[in-house]
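Sequence below, structure please.
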Amino acid sequence: MPRATQMGTLPVRRRRFPTAAKRRLTDLMTREVVCTTVAITVRQVRAMLVDSTVGGIAVIDPLGRPIGVVSHTDLLARAHLGGDDGASIDAAMMPLAFTLEESAPLGHAAALMAIEGVHRIFVVDETGALVGAVTALDLVRQLAAEAGYLASEEDA
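Next up is the predicted model:
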């Protein structure tokens with residue numbers, strides 16, 4: 001039976017950061033989102049995921065609006081089932097993209113991720129075009145910064 005080990009205490013930096021309830025998606029979102037269209041194969045998307053540091057890629061329509069997402073998990077499931085690597089990515093992607101507008105509070109993104117069981121929310125402008133993404137890890141980092149365990153980007 002594994003034994004629990006006692007972890008050291010993390011230093012706490014007491015600083016005042018805007019809380020997640022007051023911050024907007026534009027404050028935290030990644031603006032350079034890896035994305036593709038359905039005119040790409042499963043093999044090509046797998047290469048994109050290997051070459052990037054992201055866990056999921058937005059699939060967009062010709063107007064730049066998110067229409068789905070493909071993640072490492074989607075590709076692993078497809079490989080396990082013996083799917084064709086030459087097939088279009090629409091055969092492997094989740095044909096639904098959870099989106100919020102730029103002005104939405106971070107708490108709204110956290111709630112949507114928790115309720116839907118997803119790890120990323122795509123941020124869209126007023127026309128529905130993709131302008132960014134917020135991941136669960138982004139929210140965890142924000143929470144740790146608010147608690148004083150991490151420096152905020154403002155300190156850098």
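
other SSEs contacting the helix or strand of the chain with the lowest mean pLDDT?
When each helix and strand of the chain is scored by mean pLDDT, DSSP states H and E, helix 72-81 comes last, with a mean of 86. With contacts defined as 3 or more Cβ pairs under 8 Å, 6 or more residues apart in numbering; DSSP states H and E, the packing partners of helix 72-81 are helix 42-51. The way it works is simple: take the backbone N, C-alpha and C, and place the C-beta from them, glycine included.

Which positions in the helix it packs on come out as buried?
42, 45-46, 48-49 (16 or more other Cβ atoms under 10 Å).

That one - what's its average pLDDT?
For helix 42-51, mean pLDDT is 92.

phi, psi of the closest residue to His72 other than its chain neighbours?
Nearest residue to His72, sequence neighbours excluded (Cβ to Cβ, 6 or more residues apart in numbering): Gly55, at 5.5 Å. Dihedral angles of Gly55 (phi, psi; degrees, to the nearest 10) stand at phi -100, psi -10.

Tell me who's in contact with Gly55.
Residues near Gly55 by Cβ atoms under 8 Å, 6 or more residues apart in numbering: 49, 71-72, 119-120, 135.

So which of these is surrounded by the most neighbours?
Greatest neighbour count in the contacts of Gly55, by other Cβ atoms under 10 Å, goes to Arg120: 24 neighbours.

Look up which residues are beta-bridged to it.
Thr135 (DSSP bridges).

Surely it touches Gly132?
No. In this structure Arg120 lies outside contact range of Gly132 using Cβ atoms under 8 Å: 10.5 Å.

out of the buried residues of helix 42-51, who's nearest Arg31?
Checking these against Arg31 with Cβ to Cβ, the nearest one is Met48 at 18.1 Å.

Just the element for the nearest residue to the closest one once chain neighbours are set aside, please.
Spatial nearest neighbour of Met48, chain neighbours left out: Ile57 (6.0 Å); criterion: Cβ to Cβ, 6+ apart. In this assignment (DSSP states H and E), Ile57 forms part of strand 56-60.

Please apply the same query to Ala144.
Ala144 belongs to helix 136-146 when assigned by DSSP H and E.

what packs against that helix?
Using 3+ Cβ pairs under 8 Å, 6+ apart: helix 136-146 touches helix 25-28, helix 106-116.
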